[in-house]
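In: Build me a model from this:
(2 chains)
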Protein chains: 2
Amino acid sequence: MIRSPVPRALLALLAAAAAPPPPAPAPPSPPSPGEIVGAAPAAAWRPVAPENLLVMALADGAEVAIELAPGFAPVHVANIRALARAGWFDGGTIERVQDNYVVQWAGADEKRPLPEGVAAHPPAEYERRLAGLALRPLASRDAYASIVGHSEGWPVASDGHAAWLAHCYGMVGVGRDMPPDTGSGAELYAVIGQAPRHLDRNIALVGRVVGGIEAMTALPRGTGDLGFYTDARQRTTIRRARIAADLPPAERPRYEIMRSDAPAFAAYLGARANRRDAFFVRPAGGVDLCNAPVPVRRQR
Amino acid sequence: MIRSPVPRALLALLAAAAAPPPPAPAPPSPPSPGEIVGAAPAAAWRPVAPENLLVMALADGAEVAIELAPGFAPVHVANIRALARAGWFDGGTIERVQDNYVVQWAGADEKRPLPEGVAAHPPAEYERRLAGLALRPLASRDAYASIVGHSEGWPVASDGHAAWLAHCYGMVGVGRDMPPDTGSGAELYAVIGQAPRHLDRNIALVGRVVGGIEAMTALPRGTGDLGFYTDARQRTTIRRARIAADLPPAERPRYEIMRSDAPAFAAYLGARANRRDAFFVRPAGGVDLCNAPVPVRRQR
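Out: Below you'll find the model as predicted:
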């Protein structure tokens, strides 16, 4: 619905043509969140460590990059690294796309024994201690937790003692069966709709899609229960999934995440909570944790 | 990540095979939100009035149905009815798909004069009086408004005096240029990601997609600014858009919306806020307004 700031350009032209004394030029519009991100200095960004970047090449040529979060789910992340190193996901498929919920994928044959070094029954890493976490709290209210905010680029919720990753758009978790410890990492999902925050602390979140999410969100929705594809030909194949550290340096995609303690991030959050750029007539006065996506940029 | 309740079935089998005295059967799992919706009686539903249902047939055969909200944006809804009746959208296209944000569509030629009866500059119908609205408040906190809840199936926010529709997933609004009153209804958008609630009261919401949203959410994302398609061939054509009341009765799709004052809706919200069905280990204790999508069903 935002088209272009033509009317303002027109106003400037009219102002320039007016008879003297010339009207004072309109004050510049406060920057939009995107303008704040674009102007952020190098110090506002941290690189994604190659050891924490899962790179999936899909059969259609698209690439999906996921930053892993060992600070929140260390055993699951170790599993996912071991699975990727063993080629577990190569030839696997996207099995399920449920609208306004999740995309889920797995290796080619779930009945294979798990590769060596992969814990079949990792602990339920649904939360960690808040202590030791540099949390930048968000002032806005939240329906799910007494404290929400960001830590090193992650959306986090807390009750003052424990802290956990929040199921925001693009977050990646580990599929599991009914018992809480059955998810090894051999099946993963990404959130593609309104944040399903009721899953927080019910399932292990292990990371976030930082690049290429459109390759998953624009897939046809499955027509079976839970969005499973009923026709195997609808499944998108995962050609290869690797940890970036294992790729030749020239082939590693390089991403940067805006630091949660950067002044530019505070400015970004402020602008998300109160848009004052030209289109907006009424600033919101707050921002939901998941409606302030942490800025990401790719280095080319 | 929810696969199937096999482990519970297995437990039941084991229980049946155990030596006497037989263990008491496990108490049944509390119903899921979906089970509550499935069991809701006829009185829990209201039909969508044919005069309030915009039916769009896409060129690929898909049908998108949108319930209009004259109680919130009467002039804009009257415009949309008049536009549909004049065939405005027929041959138009989906112009823009921005990931985690909106899908936007328009008539074939925006430079045509608007059909008779269409207000070119409707008032900024961004809010209405709370008085006169049957609002079922939600107990959970909200980042954007002091009061949120549901009214006749609509997600609503309020400050105690004014009330307005909330930008939840699937809500439909009217594209506009910079001046707040320029959106006639000739360009519409639907929300396809995390609720962009900062748009509340900045743009007129006029309805909600009640059927066929997958036909829009699974479209390729545009690669231009704001998700505009840079190649016109990527645009999906709208074959025809009509008000259901103008279709022969046999061709009218019939939808029903769960009533906001129905006991089943209260039970549904309770289950969304505190999932106690078998998969969940920790109920959330709250639910975001936009994470409790109002149940819809289609009559066949």
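
In: three-state assignment of A:Met216?
Out: Following DSSP: H, G, I helix; E, B strand; the rest coil, the label given to A:Met216 is helix.

In: Now do the contacts for it.
Out: By CB atoms under 8 Å, 6 or more residues apart in numbering or on different chains, the contact list for A:Met216 reads A:64, A:94, A:97, A:103, A:190, A:192, A:209. Every residue, glycine included, has its C-beta placed from N, CA and C.

In: Now list the buried members of those residues.
Out: Neighbour-count burial (16 or more other CB atoms under 10 Å in any protein chain shown) applied to those gives A:64, A:94, A:97, A:103, A:190, A:192, A:209.

In: secondary structure element for the first one?
Out: Under DSSP states H and E, the secondary-structure element containing A:Val64 is strand A:63-68.

In: How about that strand and chain B, touching?
Out: No. If you take CB under 8 Å from any CB of the partner chain as the test, strand A:63-68 misses chain B, and the best it gets is 12.8 Å.

In: With only the CA atoms kept, save that strand in PDB.
Out: Extracted C-alpha coordinates of strand A:63-68, given in PDB (Å, rounded to 0.1, in the frame of the first residue of the first chain):
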ATOM      1  CA  GLU A  63      19.700 -21.700  -1.100                       C
ATOM      2  CA  VAL A  64      18.400 -21.500   2.400                       C
ATOM      3  CA  ALA A  65      20.800 -20.400   5.200                       C
ATOM      4  CA  ILE A  66      20.000 -21.000   8.900                       C
ATOM      5  CA  GLU A  67      21.900 -19.700  11.800                       C
ATOM      6  CA  LEU A  68      22.100 -22.200  14.600                       C
END
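
In: Can you list the strands that it pairs with?
Out: Sheet pairing here is set by DSSP bridges, and for strand A:63-68 it gives strand A:53-58 (antiparallel), strand A:205-211 (antiparallel).

In: Need the contact partners of the helix or strand just after it.
Out: With elements assigned by DSSP H and E, the helix or strand that comes after strand A:63-68 is helix A:74-85. Contacts to helix A:74-85, defined as CB under 8 Å, 6+ apart, come from residues A:51-52, A:54, A:68-70, A:89, A:107, A:114-119, A:122-123, A:125, A:174, A:183-186, A:188, A:204, A:206-207, A:241-243, A:246.

In: The closest residue to A:Gly173 other than its chain neighbours and B:Arg282, how far apart?
Out: What sits nearest to A:Gly173 in space, not counting adjacent residues and going by CB to CB, 6 or more residues apart in numbering or on different chains, is A:Leu205, at 4.7 Å. Look at A:Leu205 and B:Arg282: by CB to CB, to the nearest Å, they are 14 Å apart.

In: more neighbours, the two?
Out: Taking other CB atoms under 10 Å in any protein chain shown, A:Leu205 and B:Arg282 do not tie; A:Leu205 has more neighbours (27 against 15).

In: Please give me every residue in contact with the more buried one.
Out: A:69, A:72-73, A:164-167, A:171-174.

In: quick revisit: got the confidence number for the residue nearest to A:Gly173?
Out: Predicted confidence (pLDDT) for A:Leu205: 98.

In: Could you do A:Glu116 as well?
Out: Per-residue pLDDT puts A:Glu116 at 92.

In: tell me the SS of it?
Out: Quick answer, by three-state DSSP: A:Glu116 is coil.

In: number of nearby residues for it?
Out: By other CB under 10 Å, neighbour count at A:Glu116 equals 7.
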